[in-house]
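**Student:** Below are the sequence and a predicted model for it; my questions follow.
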Amino acid sequence: MPMMTGAEYIESLRKLNTEIYAFGQKIENFVDHPLFRPHINAAAVTYDMAHEPEFEDLVTVKSHLTGKKINRFTHIHQSTEDLVKKVKMLRMIAQRTGTCFQRCVGFDGLNALYSVTYEMDQALGTGYHKRFVEFLKYVQENDLMSAGSMTDPKGDRGLRPSQQADPDMYVRVVKKTGEGIVIRGAKAHQTGIVNSHYMVIMPTVALGEADRDYAVACAVPVDAPGIFHVFGRQTNDERRLEGEIDTGNARYGIVGGEALTVLEDVFVPWDKVFMCGEYQYAGMLVERFASYHRQNYGGCKCGVSDIIIGATMTLAEYNGAAKASHIKDKITEMLHLSETLYCCSIACSAEGRKTASGAYYVDPLLANIVKQNVTRHIYEICRLAHDIAGGFIATLPSEKDFLSPKTGPFLEKYFRGVAGVPTEHRVRIARLVENMTGGTALAESMHGAGSPQTQRVMIMRQSNMEHKKRLARKLAGIPEQE
Ligand code: SF4
Ligand code: FE
């Protein structure tokens, strides 16, 4: 069964024993719970589209390990063409879901571990890569969704992991036995984890020798003993418990569901351990994972922006304002900002290079530029959407008021725009714009794939400043020895 359908994926989640808490309660059936189901539906699209002939070339690929046809989300990039197809696939899926479909984080974790375990083995004589490849084959064969579990809670940001007052602020190895290791700590902001099959755990910062216990990478089922997940709130999440229209995107939700995942002395057998103490390689793993994930954002965020722009233009038409020149100009600006993100993602993919393992890696400088732009362009796109949409996206009464016999007829009359467009259509589009452009959705563009400062550090580091200075000195006629 190398490729599941969306329905099979959803059924596979029912077989897990995932321990989830939300609103102070243990969730018994998360698959059918309105808080979680939209996120599950969005992830299921990554499975369904693999079976649609129109998208076969983007969403499926031949495994370089088994030669079998697999879902691209379990693939290791074998060329720059694979990297470009990844970005195109993400944009296309986001155009259907209008939101995060979560499966890319684990995809990026697998790709980062593939090349780093290879290079680590070459340098240190360890045997992690072979083990990792066995796990990867298992993921490909069973078409699993893995969560990329990198971000630790971090405690005091001014201190190293080993210097923290509470040693659990970063995930660490607390015991080693002949059978495996025991890990403790937590992972924060875990996109899609409650509806994943496996966690792919990695360190979150470059580490020194004193932090050796924190240099751990491994795979563990999301429902392993000792693991539980506390689901994060999102703006307007309670609307999912009330009805449909006010959520804006009832089927797929708005942004990916995130959780704090607690690991209370979790046992991991050696065959699922891909780094244990090799602190020298933690930084490389973080950079590779982060660059792969930053590559994505001109794909998925551009697909999401396609919907925001389409919704904003539709609303302008429903409001009777679409022909105004300033509206056209603002829509043009939104297009320019969104397509700039896409250009950057395609560029960092086309400029990718082969690693020692044979897998392809994006251009890290350009990948970090993608994400830095996302922290600005998406805010501007959303600002323009608010400008064009008008104030009623912030003051609309609830769906229930539209259904009420007393208030409904008046709301129907006074929220109407141009003749010929039902009031309900105008309200539906307004709710979509409201929910896609505010609160959690915006904050995700800022901090998803790492906060802006982490990109700035990498941009400076990758900039090859000495080369630029040399170019300038040469042109200015300054001899090289100075
Ligand atoms: Fe994928 Fe985008 Fe969601 Fe990240 S934010 S998991 S790249 S859809
Ligand atoms: Fe994200």
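**Tutor:** Okay, I see it. Ligands and ions are numbered 1, 2, ... in the order given.

**Student:** where along the stretch 201-350 of the chain do the helices fall?
**Tutor:** 282-319, 325-350 (DSSP state H, counting those that start in this stretch).

**Student:** Tell me the buried residues in stretch 319-328?
**Tutor:** Using 16 or more other C-beta atoms under 10 Å as the test for burial, stretch 319-328 gives 319, 322, 327. Every C-beta, even on glycine, is put in place using the N, C-alpha and C of the backbone.

**Student:** In CSV: those, plus pLDDT and distance to ligand 1.
**Tutor:** Shown next, in CSV, are the buried residues of stretch 319-328 (pLDDT from 0 to 100; distance: C-beta to the nearest ligand atom, whole Å):
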residue, pLDDT, distance to ligand 1
319, 97, 30
322, 97, 30
327, 98, 29
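
**Student:** Same list, those, but as TSV with distance to residue 473 please.
**Tutor:** Listed next are these as TSV, based on distance: C-beta to C-beta, whole Å:
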residue	distance to residue 473
319	57
322	54
327	50
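
**Student:** Can the strand ranked longest in the chain be said to contact ligand 1?
**Tutor:** Using DSSP state E, we find that the single longest strand of the chain is strand 259-269. No - Strand 259-269 stays clear of ligand 1 (C-beta under 6 Å from any ligand atom), getting no nearer than 13.8 Å.

**Student:** mean confidence for that strand?
**Tutor:** The average pLDDT within strand 259-269 is 98.

**Student:** circling back: most tightly surrounded among the helices of the stretch 201-350 of the chain?
**Tutor:** helix 282-319 (a mean of 24; mean count of other C-beta atoms under 10 Å).

**Student:** residue boundaries of the strands in the stretch 151-300 of the chain?
**Tutor:** 172-176, 180-187, 198-201, 216-221, 227-231, 259-269, 273-276 (DSSP state E, counting those that start in this stretch).

**Student:** re the thing from before, outside of the longest strand of the chain itself, list whatever touches it.
**Tutor:** With contacts defined as C-beta atoms under 8 Å, 6 or more residues apart in numbering, strand 259-269 is touched by 20, 149, 153, 171, 174-175, 179-190, 193-194, 199, 218-220, 222, 224-232.

**Student:** let's see 6 Å
**Tutor:** The contact list for strand 259-269 (C-beta atoms under 6 Å, 6 or more residues apart in numbering) reads 179-188, 190, 193-194, 218, 220, 224, 226-232.

**Student:** quick one on the thing from earlier: tell me which of the strands of the stretch 151-300 of the chain is the most buried.
**Tutor:** Greatest average neighbour count among those goes to strand 198-201 (a mean of 27), per mean count of other C-beta under 10 Å.

**Student:** quick one: contacts for residue 96?
**Tutor:** By C-beta under 6 Å, 6+ apart, residue 96 lies in contact with residue 45.

**Student:** which element is it on?
**Tutor:** helix 80-97 (DSSP states H and E).

**Student:** Buried by neighbour count: which residues of that helix qualify?
**Tutor:** 80, 82-97.

**Student:** ok, the closest residue to residue 436 other than its chain neighbours to residue 254 distance?
**Tutor:** Computed as C-beta to C-beta, 6 or more residues apart in numbering, the closest residue to residue 436 that is not its neighbour in sequence is residue 308, at 5.4 Å. Distance, residue 308 to residue 254, using C-beta to C-beta, to the nearest Å: 11 Å.

**Student:** Residue of the stretch 351-482 of the chain nearest ligand 1, please.
**Tutor:** Closest approach between the stretch 351-482 of the chain and ligand 1, counting by C-beta to the nearest ligand atom: residue 448, at 5.0 Å.

**Student:** Can you list phi and psi of that residue for me?
**Tutor:** phi -60, psi 140 (degrees, to the nearest 10).

**Student:** can you count the residues close to it?
**Tutor:** For residue 448, the count of nearby residues is 24 (other C-beta atoms under 10 Å).

**Student:** And for residue 464?
**Tutor:** Neighbours around residue 464, by other C-beta under 10 Å: 10.

**Student:** Kindly report the same for residue 107.
**Tutor:** Around residue 107 there are 27 residues (other C-beta under 10 Å).

**Student:** which secondary structure element contains it?
**Tutor:** Under the criterion of DSSP H and E, residue 107 resides in helix 104-124.

**Student:** Residue 21 now?
**Tutor:** Secondary structure assignment for residue 21, by DSSP H and E: strand 20-22.

**Student:** Residue 185 and residue 173 touch, don't they?
**Tutor:** No - under the criterion of C-beta atoms under 6 Å, residue 185 makes no contact with residue 173, lying 9.8 Å away.

**Student:** Skip the chain neighbours and tell me the closest residue to residue 90.
**Tutor:** The spatial neighbour of residue 90 that comes closest, neighbours along the chain excluded (C-beta to C-beta, 6+ apart), is residue 299 at 3.1 Å.

**Student:** how near is that neighbour to residue 113?
**Tutor:** Counting by C-beta to C-beta, the separation of residue 299 from residue 113 is 21 Å.

**Student:** who does the strand holding residue 21 pair up with?
**Tutor:** strand 25-26 (antiparallel), strand 227-231 (parallel) (DSSP bridges).

**Student:** Not counting its neighbours along the chain, what's nearest residue 284?
**Tutor:** Among residues not flanking residue 284 along the chain, residue 116 sits closest, at 5.5 Å (C-beta to C-beta, 6+ apart).

**Student:** Please report phi then psi for residue 153.
**Tutor:** Backbone torsions for residue 153, taken as degrees, to the nearest 10, come to phi -60, psi -30.

**Student:** Can you give me the pLDDT of it?
**Tutor:** The model's pLDDT for residue 153 equals 98.

**Student:** list the contacts for it?
**Tutor:** Per C-beta under 6 Å, 6+ apart, neighbours of residue 153: 169, 186, 188.

**Student:** Hmm, residue 270 and residue 180 touching each other?
**Tutor:** Yes - using C-beta under 6 Å, residue 180 is in contact with residue 270, at 5.0 Å.

**Student:** just to revisit the earlier point, per-residue confidence for the residue of the stretch 351-482 of the chain closest to ligand 1?
**Tutor:** 94.
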